[in-house]
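**Student:** Requesting a structural model of the entry that follows:
(chains A, B, C and D)
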There are 2 protein chains.
Amino acid sequence: MATIKDVSRLANVSISTVSRVINKSANVAPEKEQAVLKAMKELNFQPNSFAQALVNKRSNCIGVLVGDLCGGPFFAQMMRGIEDVILPEKKYVIVMSGNHNHDREKDCIEALMLRRCDALIIHSKALSDDELIEYSQSGIPMVFVNRLVSSLEDRSVWVDITAGMADAVRHLIANGHRKIAYICSDDAAFADEKDRMAGYKMALEEAGIEFDPNIVSAAFPDENGGYRAIESLLMRDAGFTAFVAYNDAMAIGAISALADNNITVPGQVSAVGYDDNPISNYIKPKLTTVRYPIEEVGKRAATLALSLLYDRSEEFNWRWPLKFTPVLIEKASVAQARPEEPEKKPKKAAKKQS
Amino acid sequence: MATIKDVSRLANVSISTVSRVINKSANVAPEKEQAVLKAMKELNFQPNSFAQALVNKRSNCIGVLVGDLCGGPFFAQMMRGIEDVILPEKKYVIVMSGNHNHDREKDCIEALMLRRCDALIIHSKALSDDELIEYSQSGIPMVFVNRLVSSLEDRSVWVDITAGMADAVRHLIANGHRKIAYICSDDAAFADEKDRMAGYKMALEEAGIEFDPNIVSAAFPDENGGYRAIESLLMRDAGFTAFVAYNDAMAIGAISALADNNITVPGQVSAVGYDDNPISNYIKPKLTTVRYPIEEVGKRAATLALSLLYDRSEEFNWRWPLKFTPVLIEKASVAQARPEEPEKKPKKAAKKQS
DNA sequence: CTGTTAGCGCTTTCAC
DNA sequence: GTGAAAGCGCTAACAG
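**Tutor:** Next comes the predicted model:
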C-alpha cells in the first residue's frame, strides 16, 4: 500500500505538499498539484485512515448501539434513518448490539469509545440514567434514542410511547371494549414496558375501567412470546374481548395462538399492535397498530449527533423536534364489541359495562 | 485522555514497560506490573486504538458487506452468526449495506478496505465475479457469502439454492400439483434468482412438466412484491394450483393477496416459501418453506475469515463445509391437489395429469 | 528484566 | 508556495 512518502517521491515534491493537495489545506502550484494527483492515481494511493485519525483526533466514525438487529425490522429501520444522514457526510457508522443486556451494553459503549468514535448514538434499555449520564460526560458527543434521559433532555430523541399506548386502548374503548387485555413485555424493569403500561392504565382510568392484573400477561417481546402470553391468558380463563400488545410481533404471535384456539380476530377478540411493522399489513386480519416513527427518530438522532460534533447547534437543532408522537393506524383487527354478548370465556362475565 | 506516557510517569517506569504489561508481551517484575496496573486504573487509561492500528497494521475490525439490514431478518441473522464468531476473538464488526446496488457495493467495499479492516466478509449480488476477484487480490483476506465465486471456491461460503428450490417444487409435485406457479424476484440478473429458477425448471423437467412462462411472475422480493406478483398472475387468468416463492416475504404477500381474492391456502392453492423466516410460523396457514441456514453461513464465513487472517487454515478449514444445503420444512400451506377438479381459474384446465 | 530509540503514516507549524 | 521537522500514541528491536 502506497504511502504519502511514495507519492511525494514520485511527484518530486515534499510530503507536506502532498498532504496539502490531499486536504486542500493550502494553495499549491498548479503544475505540482497535477503531478501529485497523477502520482496518487498511479500508485493507487489511499491515505491511511489510522494515521489520519491519530493526528487529527477524529475517526470519522459514528458509533451506534442498538438493541438487536435480529429481533425484527425495528432497529434496522432506525439504522436506515441514521445512515441516510451520516453517509452523505462521508462518515462511517459502526453498529453494535447490546441485546438489552446490562453488561453487554456497557461493553459496547466502552468499545465504541475505545474506538474513538466521533459521536455516539445510544439506544440503551438496561443502563440507568446515572450510568448514561456518566458516559455522556466523557467528552464525546452522545445522543440517546428512544429514551428520555433526565437532565439530558437536549440529547434525548424519544417517542411518547405512553401516549401511543393510551391511544390504542382508547380506540378499543371507543369500540365498546371494556375487558382489554395487555400482552406485555417481561422486561418490566425497562422504560419501554413501564411507559406502555402507564399508557394502558391511563386510558383505562379515563374511561373509569378498573385495572385488572388478571388480564395482563407478560412474555418475551417476540412472536413466540405473544403466542405464549395469550395461551397463558386463555388458561387463566380471564375473559377479554380485546387486547393491546407491547409490539406487533407479540400481537402477531397472539393472533396466531387465538387462531389455534379457534378464536377469531376481530370477530371474537379485537387486537391492536404497536410499531407498525410492515408485516402487519400482510397478515389476516391486517393489524391495527400504533406507528412508531423509528426511521425519523434515527434521522433526528443522527442529525443531532452531527450538530453536536460540529458544534453547529444553531444550524440543526430545531429543524425537527426531539420528541415524536406515535399515531394509531387503523387497519382491520378491531371490531365493535357486541355489548351484551357473554365473553367467549363466560366464566367471568363483563360486569362493568356502563 | 491519558496516554501511555502519563501512565509510565505515574508508575515510574518506562513506556516500554507499560506497553509490555498492556500486551503481556514480555515478563515484567511483579511490583512494577502492579504499579503500572494501578496507574492505568487511576488514570482510566485506554490505549489509543489508532496508534495501535498504525503500528500493528491491524485494526481488529472485520468488515461485512450485506444486502440490507432492513429487508427482513435475513441479513440480521447472518450478522448474528458472524458476531458469534468474531466477538469472542475480541474483534469488532463493521457492517455496511450495499442495497444490492452495483455502485454502492463498490463504495462499501472500498470504504471497508480504506478503513483497513483485517478481513472482509462480502455478500455481493451486483458485482461480477471478475470485480470480486480483483478485490480479493488486494491482499486483505476476503470471504464471499451466499455466492460461489468461480476460481475462489475456497473463499466462498454458499448455499445450494438450486437444490432447495428443486426440493420445494418436488414436494408440490409429490402432492399431485402440476400447475405450479413461481413468484420470482425481478432481479433476474443476479445469481440468487437464476439459481432458484434453475431449481424450479429442474424439478419440473424431472417430472415431465413443461415450463410455462405464463405462470411465472416477477416482482421486488418483499411482501408487497409477492402481493403484486400474485395479482398479476390472477389477472392473466393462468390456472395454477400451487406456487413456490423466491422467499418467505413474497410468499406471505402472495398469500395475503390470495386471501383478498377469496382464494384459500392451502385449500385452493398450495404455497411454499423460501428462507424459513421465523414469521412463517405465525401466519395462517403456517408456511411450508425451505430453510436457508443463514446463521450457519454467517458463522462459517466468519470462521473462514479468521482462519485466513491468522493463516491457520489447518485449524479451521474443514471443520465445517463451505457449501450448505437447504432443507424443506413442512408446515401447513401445502395440500394434496384434488386430481380431477377444475382449477379455480378454469380457463386453462390441467391437461398433463399423468 | 528494563529503558532508549526508531519508526508506523500523516498533519501542521515554522522558516525560507 | 514549499520543505524540514516535530509530533500524534504506540510497538518492537536493541542494548544493557
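**Student:** Can you show me the strands along the stretch 51-200 of chain A?
**Tutor:** Secondary structure of the stretch 51-200 of chain A (DSSP state E, counting those that start in this stretch): strands located at A:61-66, A:92-97, A:119-122, A:142-145, A:156-159, A:180-185.
**Student:** swap that for the stretch 251-354 of chain A, please
**Tutor:** Using DSSP E, counting those that start in this stretch, strands in the stretch 251-354 of chain A cover A:270-272, A:289-291, A:323-324, A:327-329.
**Student:** which residues are contacting the first one?
**Tutor:** Residues from elsewhere that reach strand A:270-272 (CB atoms under 8 Å, 6 or more residues apart in numbering or on different chains): A:168-169, A:171-172, A:175, A:177, A:241-245, A:251, A:254-255, A:265, A:287-290, A:328, A:333-335, A:337. The C-beta positions use only the backbone N, C-alpha and C, and glycine is treated the same way.
**Student:** Please list which of those residues are also close to chain B.
**Tutor:** Contacts with chain B within these, counted by CB under 8 Å from any CB of the partner chain: A:I255.
**Student:** Which one of the strands of the stretch 51-200 of chain A lies nearest to A:A35?
**Tutor:** A:A35 lies closest, by CB to CB, to one member of the strands of the stretch 51-200 of chain A: strand A:92-97, at 30.7 Å.
**Student:** hmm, back to that, what about the contacts of strand A:270-272, which are in helices?
**Tutor:** Mapping these onto helices (DSSP state H) picks out A:168-169, A:171-172, A:251, A:254-255.
**Student:** Tabulate these (TSV), appending distance to DNA strand D, pLDDT and neighbour count.
**Tutor:** Below are the ones in helices among the contacts of strand A:270-272 laid out as TSV (distance: CB to the nearest atom of the strand, whole Å; pLDDT from 0 to 100; neighbours: other CB atoms under 10 Å in any protein chain shown):
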residue	distance to DNA strand D	pLDDT	neighbour count
A:A168	51	98	30
A:V169	54	98	26
A:H171	56	98	20
A:L172	58	98	25
A:A251	50	98	30
A:A254	52	98	30
A:I255	54	98	31
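**Student:** Pick out the most distant pair among those residues.
**Tutor:** A:V169 and A:I255, at 17.7 Å, using CB to CB across these.
**Student:** list the buried ones in stretch A:79-88?
**Tutor:** By neighbour count on 16 or more other CB atoms under 10 Å in any protein chain shown, the buried set for stretch A:79-88 is A:79-83, A:85-87.
**Student:** for stretch A:169-186, that is, sorry about that
**Tutor:** Per 16+ other CB under 10 Å, stretch A:169-186 contains these buried residues: A:169-173, A:175, A:177-185.
**Student:** Same check on stretch A:108-115?
**Tutor:** A:108-109, A:111-113, A:115.
**Student:** For that stretch, what does the pLDDT average out to?
**Tutor:** Stretch A:108-115 shows a mean pLDDT of 89.
**Student:** same check, this time on stretch A:131-138
**Tutor:** On average, stretch A:131-138 scores 92.
**Student:** Quick one: residues in contact with it.
**Tutor:** Residues from elsewhere that reach stretch A:131-138 (CB under 8 Å, 6+ apart): A:106, A:109, A:113, A:122, A:124, A:142, A:144, A:149, A:151-152, A:155.
**Student:** run the last query once more with 6 Å
**Tutor:** With contacts defined as CB atoms under 6 Å, 6 or more residues apart in numbering or on different chains, stretch A:131-138 is touched by A:109, A:142, A:149.
**Student:** Same check on stretch A:281-294?
**Tutor:** A:74, A:77-78, A:164, A:168, A:248, A:251-252, A:272-276, A:280, A:324, A:326-334, B:223, B:252-253, B:256, B:259, B:283.
**Student:** tell me, how many neighbours does A:M250 end up with?
**Tutor:** As a burial measure, A:M250 scores 32 neighbours (other CB atoms under 10 Å in any protein chain shown).
**Student:** residues in contact with the residue nearest to it when sequence neighbours are not counted?
**Tutor:** Nearest residue to A:M250 in three dimensions, chain neighbours excluded: A:G226, at 3.2 Å (CB to CB, 6 or more residues apart in numbering or on different chains). A:G226 makes contacts with A:183, A:250, A:253-254, as judged by CB under 6 Å, 6+ apart.
**Student:** Give me the angle between the host helix or strand of A:G226 and strand A:180-185.
**Tutor:** Secondary structure from DSSP states H and E places A:G226 in helix A:223-236. Relative orientation of helix A:223-236 with respect to strand A:180-185: 140 degrees, computed using axes from the mean of the first three to the mean of the last three CA atoms, to 10 degrees.
**Student:** Now helix A:223-236: buried residues?
**Tutor:** Within helix A:223-236, the residues scored as buried using 16+ other CB under 10 Å are A:223-231, A:233-234.
**Student:** okay, the ones in helices among the contacts of strand A:270-272 in a markdown table with distance to A:L10 next?
**Tutor:** Shown next, in a markdown table, are those (distance: CB to CB, whole Å):
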| residue | distance to A:L10 |
| --- | --- |
| A:A168 | 66 |
| A:V169 | 71 |
| A:H171 | 70 |
| A:L172 | 73 |
| A:A251 | 64 |
| A:A254 | 67 |
| A:I255 | 67 |
